[in-house]
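> here's my sequence, what's the structure:
(2 chains)
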Amino acid sequence: MEELRAYLSFLRSGIRSSYNQVFFSDSRWFALALFAASFTDVYIGISGLSAVLIALVTGKALGFHQDKMSNGTYTYNVLLVGLTMGAYFRLNAVFFVVLVLASFITLLLSVWLSASLAFKKLPMLGLPFVLGIWIILLGTRNFHAMGLNERGIYIYNDVSGIAGTGFANLYRWLSDPGLPPLLVVYFKSMGAIFFQNHIISGLLISIGLLIFSRIAFSLSIIGFLSGYFFCTLVQGNLSDIEYSYIGFNYILTAMAIGGFFLVPSIGSYLLAAVSAPLVSLFVGALGHIASGYMLSLYSLPFTLVVLLILYALQNRYRLNGLCPVQYQLFSPEKNLYLFRHYTERFRRQAPVDIQLPFYGEWTVSQAHNGTPTHQGAWRYALDFVVTDEDRKTYRLPGDQLSDYYCYQLPVLAPADGEVVAVEDGIRDNRIGEADLQHNWGNTIVIKHAAQLYSKLSHLKKDSFKVKVGDRVRKGDVLGLCGSSGRSPEPHLHFQLQAAPYIGAETLDYPLSCYVSRRHPAYKLHSFEVPVLGEHVMRPLPTPLLTEAFQFIPGMTLKFEVQGETRNETECWEVMANPAGLCYLYCAKTASSAWFSNNGTVFYFTSFSGDKASLLYYFYLGAQKILLGYYQDLLVEDRLPPGELYNGGLKIVQDVFAPFHVFLKTTFAARYVSADNSQAPSRISIRSEVKAYAGSMLSTSVEVELLLEDRTIKQINVKHKDRCFSARYIG
Amino acid sequence: MKKQAYERPIIQKLNTGLMNKYGTKTEYEPVTHIDGHAVHDLLQAHGSPLFVLSEKTMRQAFRDANRAFKTRYPKVQFAWSYKTNYLSAVCNVYHQEGSWAEVVSGFEYRKALDNKVPGTKIIFNGPAKTGEELELAIRHDSLIHIDHFDELYSLTQLAENMNRRPRVAIRVNMDTGVYPMWDRFGFNYEDGQARDAIHMIVQGDKLELVGLHCHIGTFMLSPSAYGVAAAKLSQLVMEVKKTYGKTLQYIDLGGGFASKNTLKGSYLQGVDACPTIDQYAEPICTAILNAGFTEDELPLLILETGRALIDEAGYLLGTVVSNKRLADGRRATILDFGVNILFTSFWYDHRISPAQPFGQYTEDAVLYGPLCMNIDVVREHITLPPLKKDDRVVVHTVGAYNMTQWMQFITLRPAVVMVGKDQTVSVVRKRETMASIQQEEQVPEHLKHPDL
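Sure thing, here's the model as predicted:
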């Protein structure tokens, strides 16, 4: 029984996804609209559905990848073949025999092509469909039992025969409701994607598309118009667009290029508009070849143009404007918002966590591109000194090395690695003198990864605690700050480079995180490079924070929600997916909050599920947490555009999203109090998530996290009229 | 032309020959202003003598010390040593800078509570805590540093009675290679007493052992001794971890850093002889970093520095009462303050500057206080320009211990003012009056009328 239910649910999702995949969507409602649209010609609908079912059953039996079966990757081409066959042939017993073969062939083609194109990171699009249907059409020419469909010829007879004259009149009116010809062509082209000739089908699909995605819808119009006007301009055969199932090529190409495989942007829109004339050329060129065999092109022009563009774009040296979608969310809006969100958040995230190489608070005395020496090949270097309240680097009289605050301070390893070069034995200069003979002074180079080395210079003679070949761990003391080499006063020179040599060219590489102080408050910076004059610190984890946010897969957290109307409990389980990404899962509300924790910073990356759940509020309130306590520390971040926003402007935003995002949601957490800042046993963090439309505050959520006993003891939430608190109960 | 100030003539012996360490001419500059305020005006407004504290200097000293340690070691916490100067205004300057409170008596403990220091940020030291005081500290969840076994027993008993788990550390004394070795406080490291105490605490399971404390001496001139102490305590922390699987949170190295004062009998001046705060920080931090902790395990380093943070911020202003010639021919100058309020003159040769311009001649002198007691000597030898009656003098580096150890003896104690960071002068302790002394006194009925 349970198995049967699972099997049915597999079929359901397989069918739904097959319809969805044709339009690059994963929306339940859109699938329903497409499904309905495919049934405006009942026979076509039946044929399509049957083909998908056949493919799903055989595919499952043969043991193809379960996910690719149920998310429609392998079956949407089968659906198209089924639909086409339904449109071509009369449905009889032989037809269904051939249909079984056709779906099987197309399924195999899909498996083959998707696997082989995946090596090139390319989608197979409609290739299996075109190949499959051509094989069927050419292969069945001698099958005399397969009769051609004649429904299209006597359509009104058929309709009035089935449903009466009144309905036939309605049907006739619907076929030609006096719409402008351009619209009619558009709707017919839309319908043609599902091999429906009727305007109502195109209308259904268009409405579904609009509801599913404003970006996709606008792209469909752009693609269509661009193709249409190009044909007009070159005085091509306009009827091609409407009658030969060609028009939809323009639409699909624009959607694929403009919003699905590329992140929607002005550039992608332009490319989408330009690609329509390309499609037109392909239609002409390929049409001549195909017509020799009396074949139609179907979606071949679309497939080839998109593959051509995507392949070429992947082989660029630099991503200029047009960014391929890395992780497909099956919605242009979602792709865009996630892309924008991640580029804002992790723009400069780098694979190796590099941290500041010292204890306590230092000041940047020369930043990237600084004068006088951080120039040219050495422009991505940082100089640090220690300053007092008057921004002086020394105590009076300042003529001795030991008057300088940073002199002889420990210098630490910025990350784990191996010492690959050490230069020692150069005397510290007297104040004001610079040893240009030994430019870098006493220097150490550490290898952290292939082509990633850090170099620390001007150290004190004979102060090295490590030697070449030693493995060092992040935070190990390497030596003491000195004033050797080109150093008129004690300071620390820090740079990252791609080569293991002293004096190598610098690399623009961000610090994974650091804390800056602008009196009196601290601020967390992630993936940034400190600027001139900034007072910076290397964050150090606080045990309570580290322990409270240590979510190990398998662990559960149970909270009792109090306040509101009744007490209820919510239980989160820490899960991990096969890729090792972790999330908190609340079975009761079917919500997941994905997170990441690198030992210094904890942050959430995405949420799906019930936005009234405690987990959602925790996701909001702990969006980003530095695992070290600094009194009054400010942690700022962004949430995806439109998160938490509940106004009607969201639809408008979707339309304009590729050009301008005016909905924004900000996160700010403040480390309010701790019983003691050094080894706290109680910490309170107050965070606020604010959703803005333009500069107008739309809504905000306040979350207070109270940490105690190595865990998140309490979560207080204030959101509009909701105000409740949840207590950890085990 | 400005009229030259009158200076009485002196007879000076001429020294010929090589330069000698005494010199012939003072390099003293008159100190006419403190933090922008004229000595004359301050005395006029608040009476003589007068203690003056510079908030700016206090904060500066704290920040220097804080920087020196925090740039060498990642987890550092200062705790203001109340006994050094527990005027509330002073304590709060340090608390504002982030210091916790370190107290050694119930009185100081309550004082810290009065200053709104959270109980968890009070360190309770001292060899003579009463049961009642311990109870108070337990209730406020303070860090209690156990000094001896009897205290350990009574604390265990209290914890049981109160059904609380006090956070404690033990004070450890040890040989750090300096003389004298302070072994009267705490449990000895070398003879195993400290380990016994730790064993009792951990196995008894009534007290939560959170740290280790030591305080190796006072006015310590050799920073390396702290390095030894830090290394030994780190060693003990590791042993505890290994033996009991227990991670101690902190190492408290106490205080004892020298200020810039000159100890009596010292050949060099304090400024030259005393280590800088960086010189103390260096061996301490290096010792802990080298002890073998991983970065996550590094214990918090607590410092109870008092003197080095405040001594230089304190000045005592006074007035010359009279000059006289002693029988052996030396000049003696009587000032209106003595050992009663400048208690530290028992062990320092304080630097004293005239507060008005003077000429080039100086004379050897003895400085006496106003008390009618032979012990009242402020400086036995000092080379000063000739001072007249009503001239003003400034005593430097008096911020530590004087405002807590001063005596109400023979005379009343003077006012204390603080020059704020915005240059405003505020009285932080009023000049004592008859009433302030009398109010505590009670006279039995039959003694109320002396009938003289």
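
> ok, residue A:256 - contacts?
A:24, A:125, A:302, A:306 (C-beta atoms under 8 Å, 6 or more residues apart in numbering or on different chains). C-beta: built from backbone N, CA, C; applies to glycine.

> looks to me like it is in a helix.
Yes: counting by DSSP: H, G, I helix; E, B strand; the rest coil, residue A:256 falls inside a helix.

> need the contact list for whichever residue of chain A sits closest to chain B.
Distance from chain B to each residue of chain A (C-beta to the nearest C-beta) is smallest for residue A:360, at 3.6 Å. Contact partners of residue A:360, counting by C-beta under 8 Å, 6+ apart, are A:386, A:409, A:537, B:67, B:70-72, B:74.

> recalculate using a threshold of 6 Å.
Taking C-beta atoms under 6 Å, 6 or more residues apart in numbering or on different chains as the criterion, residue A:360 is in contact with B:70-71.

> so it, which state does it fall into?
Following three-state DSSP, residue A:360 is assigned to coil.

> which parts of the stretch 451-600 of chain A sit against chain B?
A:475, A:477, A:540 (C-beta under 6 Å from any C-beta of the partner chain).

> for the first one, give me its contacts.
Listed by C-beta under 6 Å, 6+ apart, the contact set of residue A:475 reads A:412, B:295.

> quick check: the nearest residue to residue B:126 once chain neighbours are set aside vs residue A:59, distance?
Closest residue to residue B:126 apart from its sequence neighbours, by C-beta to C-beta, 6 or more residues apart in numbering or on different chains: residue B:104 at 3.5 Å. In this view, residue B:104 and residue A:59 are 81 Å apart by C-beta to C-beta, to the nearest Å.

> more crowded one of the two?
residue A:59 (25 against 20; other C-beta atoms under 10 Å in any protein chain shown).

> next to chain B, which bits of chain A? Give me the list.
Counting by C-beta under 6 Å from any C-beta, chain A sits next to chain B at A:359-360, A:386, A:409-410, A:475, A:477, A:540, A:675-676, A:678-679.

> list buried residues within these.
Among the residues of chain A next to chain B, those buried by neighbour count (16 or more other C-beta atoms under 10 Å in any protein chain shown) are A:359-360, A:386, A:409-410, A:475, A:477, A:540, A:675-676, A:678-679.

> okay, now the domains of chain A?
Following automatic domain parsing, one finds the domains of chain A at A:2-149+A:180-212, A:248-344, A:362-537, A:543-728.

> quick revisit: closest to residue A:102 out of the residues of chain A next to chain B?
For the residues of chain A next to chain B, the minimum distance to residue A:102 (C-beta to C-beta) is 64.5 Å, reached by residue A:475.

> in terms of helices and strands, where is that closest one?
Using DSSP states H and E, no element contains residue A:475; it sits outside every helix and strand.

> in the helix or strand hosting residue A:128, what counts as buried?
In this structure, residue A:128 sits in helix A:127-139 according to DSSP H and E. Buried residues in helix A:127-139, counted by 16+ other C-beta under 10 Å: A:127-137.

> for stretch A:709-727, same thing?
Taking 16+ other C-beta under 10 Å as the criterion, stretch A:709-727 shows A:712-719, A:724-727 as buried.

> residue ranges with poor pLDDT in the stretch 151-300 of chain B?
The model of the stretch 151-300 of chain B has no residue with pLDDT under 70.

> nearest to chain A: which residue in it?
Nearest to chain A in the stretch 151-300 of chain B, going by C-beta to the nearest C-beta, is residue B:295, at a distance of 4.2 Å.

> please name the nearest non-neighbouring residue to that residue.
residue A:475 (4.2 Å).

> the helices in chain B, which residues?
Using DSSP state H, the helices of chain B run over B:39-46, B:55-70, B:88-96, B:106-114, B:131-139, B:149-162, B:193-204, B:224-244, B:270-273, B:277-289, B:307-310, B:402-405, B:434-438.

> now render those helices as JSON lines, adding mean neighbour count.
Below are these laid out as JSON lines (neighbours: other C-beta atoms under 10 Å in any protein chain shown):
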{"stretch": "helix B:39-46", "mean neighbour count": "17"}
{"stretch": "helix B:55-70", "mean neighbour count": "21"}
{"stretch": "helix B:88-96", "mean neighbour count": "20"}
{"stretch": "helix B:106-114", "mean neighbour count": "19"}
{"stretch": "helix B:131-139", "mean neighbour count": "18"}
{"stretch": "helix B:149-162", "mean neighbour count": "16"}
{"stretch": "helix B:193-204", "mean neighbour count": "18"}
{"stretch": "helix B:224-244", "mean neighbour count": "20"}
{"stretch": "helix B:270-273", "mean neighbour count": "15"}
{"stretch": "helix B:277-289", "mean neighbour count": "23"}
{"stretch": "helix B:307-310", "mean neighbour count": "28"}
{"stretch": "helix B:402-405", "mean neighbour count": "19"}
{"stretch": "helix B:434-438", "mean neighbour count": "10"}
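
> now do the residue of the stretch 151-300 of chain B closest to chain A: how many residues are near it, please.
Neighbours of residue B:295 (other C-beta under 10 Å): 14.

> equivalent analysis for residue A:531, please.
Every residue meeting other C-beta under 10 Å relative to residue A:531 is counted, giving 14.

> distance of the nearest residue to it once chain neighbours are set aside relative to residue A:383?
In space, residue A:531 comes closest to residue A:367 once its chain neighbours are excluded; the distance is 5.2 Å by C-beta to C-beta, 6+ apart. Distance of residue A:367 to residue A:383, given as C-beta to C-beta: 8 Å.

> more neighbours: which of these two?
residue A:383 (22 against 19).

> could you report the separation of that one from residue A:370?
Relative to residue A:370, and taking C-beta to C-beta, residue A:383 is found at 7 Å.

> ok, now residue B:277?
31 Å.

> got it, and residue A:307?
47 Å.

> for the stretch 351-452 of chain B, which residue gets nearest to chain A?
Taking C-beta to the nearest C-beta, the stretch 351-452 of chain B has residue B:421 as its residue nearest chain A, at 10.5 Å.

> and that residue, what does it touch?
B:55-56.

> so what pLDDT did it get?
In this prediction, residue B:421 carries a pLDDT score of 87.

> okay if I get the residues of chain A next to chain B as a markdown table plus pLDDT, secondary structure and distance to residue A:697?
Shown next, in a markdown table, are the residues of chain A next to chain B (pLDDT from 0 to 100; DSSP: H, G, I helix; E, B strand; the rest coil; distance: C-beta to C-beta, whole Å):
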| residue | pLDDT | secondary structure | distance to residue A:697 |
| --- | --- | --- | --- |
| A:359 | 93 | coil | 40 |
| A:360 | 91 | coil | 38 |
| A:386 | 94 | coil | 41 |
| A:409 | 94 | coil | 45 |
| A:410 | 94 | strand | 46 |
| A:475 | 89 | coil | 41 |
| A:477 | 92 | strand | 48 |
| A:540 | 86 | coil | 35 |
| A:675 | 78 | coil | 33 |
| A:676 | 71 | coil | 35 |
| A:678 | 69 | coil | 37 |
| A:679 | 75 | coil | 38 |
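
> so which of the residues you listed comes closest to residue A:514?
residue A:540 (11.2 Å).

> can you verify my assumption that the closest one contacts residue A:627?
No: judged on C-beta atoms under 6 Å, residue A:540 makes no contact with residue A:627 at a distance of 9.2 Å.

> that concludes my questions; thank you for your assistance.
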